[in-house]
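1. Okay, structure incoming, though there's no sequence with it:
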């Protein structure tokens, strides 16, 4: 397996940095400035794109769309001040 699961935490921390210290040119900071409804709209769009890619696209396109969805889920978590470690803990609890 290429890649590391640690990248999720690293991306999440970068997202939180954009929330706490917005940069004018940052896509993520722009999402935060537009508020929850904009984040939810983008999350909905990405969810639909995953479903479409799963049914009719290449493996690479599905990976791309799932990555977009995960990114926007992380944005939502940061917006709601939920650390990604809480999600990991819940997944571990459910695994038992």
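-> Cool, the structure landed. Worth saying up front: this structure is predicted, and the values here are computed from it rather than measured.
2. what's in contact with the one helix or strand residue 7 maps to?
-> Taking DSSP states H and E as the definition, residue 7 sits inside helix 6-20. Contacts with helix 6-20, where a contact means CB atoms under 8 Å, 6 or more residues apart in numbering, come from 26, 28-29, 32, 70-71, 74-75, 77-79, 83-85. Quick note: C-beta positions are derived from backbone N, CA and C, even for glycine.
3. average model confidence for that helix?
-> With pLDDT averaged residue by residue, helix 6-20 scores 97.
4. Quick one: name whatever helix or strand follows it.
-> Counting by DSSP H and E, the next helix or strand C-terminal to helix 6-20 is helix 27-34.
5. which helices and strands sit right next to that next one?
-> Judged by 3 or more CB pairs under 8 Å, 6 or more residues apart in numbering; DSSP states H and E, the packing partners of helix 27-34 are helix 6-20, helix 36-56, helix 59-79.
6. Next, the buried residues of the shortest one.
-> Looking back up the chat, that one is helix 6-20. For helix 6-20, burial by neighbour count (16 or more other CB atoms under 10 Å) applies to 8, 11-12, 15-16, 18-19.
7. Any chance of TSV for the residues you listed, columns distance to residue 60?
-> Compiled in TSV, the buried residues of helix 6-20 are given as follows (distance: CB to CB, whole Å):
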residue	distance to residue 60
8	20
11	20
12	24
15	24
16	29
18	27
19	30
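8. All good on my end, thank you.
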